[in-house]
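*Asks:* pasting the sequence and the predicted coordinates here, then a few questions.
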Amino acid sequence: MRRPREYLGQLELMVLLGVARPDGETYGVQIAKWIEEASGREVSLASVYVALERLEEKGLISSTLGEPTPQRGGRARTYFKPTAAGLREARTACNTIKHLSVGLAALKGGAA
Amino acid sequence: MSNGHPRLATWILTRCAPDYRGDSFIGDLLEQYETRGSCWYWRQALGALRACSVRRLLSANDTTVLTADYVGDLVTAVTLILFGFNQVGFFAGLFLYSSRLLHSKSDHAVAESAIGAAFLASVIVVHLIRTRSAATRLRESGPAT
C-alpha cells in the first residue's frame, strides 16, 4: 500500500518558499528576515534551522557550505536551494491553499 | 565580528548544541548581532537550546526518552501534589466536618491525610500508566533514527 504523503507544516512551507526565492542568497538568517517581513512577526532562527533540516531530510532542499568570513567569527554560511521535488511540493501546497480559500468571505476585509 | 557579543551565550551554544548546524547558526547570530543587539542574540540562543533538546530527545534511544518522560511526569506530579494535596484534603475534610461525620480535630487531620494519600496514589497510578503507554508507543514506532 502506498504511504500517504506527509504534509508540510506552516513554517516549513514558509521556509521552503523563502529558499525558493530567486533574489539573493538564501541562508538561515536571510530566510528568517523574509518570513518576518512577510508575516510581521518575529521568527526564531532556531525554528528556521529546524525547518531547514526537516526539508533537507525530506529531499526538498539541498545545502552547500560557503566561505568563512571574519564578520561571522570565521564561520561559514550554509546556503540552501530547492530541489525539483521541493519546487513541486511548494507549488502543490500553494495551489491547495489557494483552492481551499476560494469563496471564504471570512478571509476578506479583515473582519474577525 | 563584534567583540561585544554575548560570549556566554555563544559558549553555551557551542557546548550544548554542537550538532545543530552549529557553526552556520552561530555565524548567523554573530552576523546579526550588531543590528539586533544582545537581547535578540540571547533569545535566539535560548530558542536554539530548546529546539536542540527536543531534537535530541526525539532522536534518542528508548531509555533516554523514557527517562525524560519520567522526569517530566514527576515534575507534573510533584506540582500537582504540592497544590492538590492541600486543596483536595482541605475541602474533603471541610465537607466531612460540616457533615458532622467527624467530631474532633484529630479525626479531621486523619481524614485530610487519608484523602491526600489517595490523591497522591492516583497521581502515581496515572503517571505509571502514562509511562507505560509511552513505552508501548515507542515499541510500536520502532527505534528512532
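*Replies:* Nice, thanks for sending it over. Note that the structure is predicted; figures quoted are calculated from it, not measured.
*Asks:* send me stretch A:77-96 as CSV with only the CA atoms.
*Replies:* This file holds the C-alpha atoms of stretch A:77-96, laid out as CSV (Å, rounded to 0.1, in the frame of the first residue of the first chain):
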residue,chain,number,x,y,z
ARG,A,77,27.3,30.3,5.8
THR,A,78,25.2,27.3,4.8
TYR,A,79,23.3,28.2,1.5
PHE,A,80,20.1,26.4,0.6
LYS,A,81,18.4,25.9,-2.7
PRO,A,82,15.2,24.0,-3.6
THR,A,83,15.3,20.6,-5.3
ALA,A,84,13.0,19.8,-8.2
ALA,A,85,10.8,17.9,-5.7
GLY,A,86,10.9,20.9,-3.4
LEU,A,87,9.6,23.3,-6.1
ARG,A,88,6.9,20.8,-7.0
GLU,A,89,5.9,20.5,-3.3
ALA,A,90,5.8,24.3,-2.9
ARG,A,91,3.6,24.7,-6.0
THR,A,92,1.2,21.9,-4.8
ALA,A,93,0.9,23.4,-1.3
CYS,A,94,0.3,26.9,-2.6
ASN,A,95,-2.3,25.7,-5.1
THR,A,96,-4.0,23.7,-2.3
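*Asks:* domain ranges for chain B?
*Replies:* For chain B, the domain assignment from automatic domain parsing gives the residue ranges B:7-58, B:61-141.
*Asks:* hey, what's the closest residue to chain B within chain A bridged with?
*Replies:* Using CB to the nearest CB, residue A:75 is the residue of chain A that sits closest to chain B, at 3.1 Å. For the C-beta atoms, the positions are set from N, CA and C on the backbone; glycine is no exception. Residue A:75 has these beta-bridge partners by DSSP bridges: residue A:69.
*Asks:* list the residues that contact it.
*Replies:* Applying CB atoms under 8 Å, 6 or more residues apart in numbering or on different chains, we find residue A:75 in contact with A:68, A:69, B:23, B:24, B:26, B:27, B:30.
*Asks:* tell me how many other residues crowd the closest residue to chain A within chain B.
*Replies:* Minimum separation of chain B from chain A (CB to the nearest CB) falls at residue B:27, amounting to 3.1 Å. Counted with other CB atoms under 10 Å in any protein chain shown, residues neighbouring residue B:27 total 26.
*Asks:* find the helix or strand that it is a member of.
*Replies:* Here residue B:27, judged by DSSP states H and E, is contained in helix B:22-59.
*Asks:* confidence score at residue 45?
*Replies:* This is for chain A. Predicted confidence (pLDDT) for residue A:45: 90.
*Asks:* the intended chain is chain B.
*Replies:* With respect to pLDDT, residue B:45 scores 85.
*Asks:* tell me how many other residues surround it.
*Replies:* Residue B:45, neighbours per other CB under 10 Å, totals 25.
*Asks:* you'd agree it is up against residue B:7?
*Replies:* No. In this structure, residue B:45 is not within contact of residue B:7 by CB atoms under 8 Å, at 11.1 Å.
*Asks:* about what we covered before: least confident of the domains of chain B, on average?
*Replies:* domain B:61-141 (a mean of 63).
*Asks:* next, the buried residues of the host helix or strand of residue A:99.
*Replies:* In the assignment (DSSP H and E), residue A:99 maps to helix A:84-101. Applying a neighbour-count criterion of 16 or more other CB atoms under 10 Å in any protein chain shown, one finds A:86, A:87, A:89, A:90, A:93 buried in helix A:84-101.
*Asks:* what's it packed up against?
*Replies:* For helix A:84-101, the elements it packs on are helix A:10-19, judged by 3 or more CB pairs under 8 Å, 6 or more residues apart in numbering or on different chains; DSSP states H and E.
*Asks:* now do the residue nearest to the spatial centre of chain A against residue A:69, distance only.
*Replies:* The centroid of chain A falls nearest to residue A:15 when counting by CA atoms, centre = their mean (1.3 Å). When distance is defined by CB to CB, to the nearest Å, residue A:15 is 23 Å away from residue A:69.
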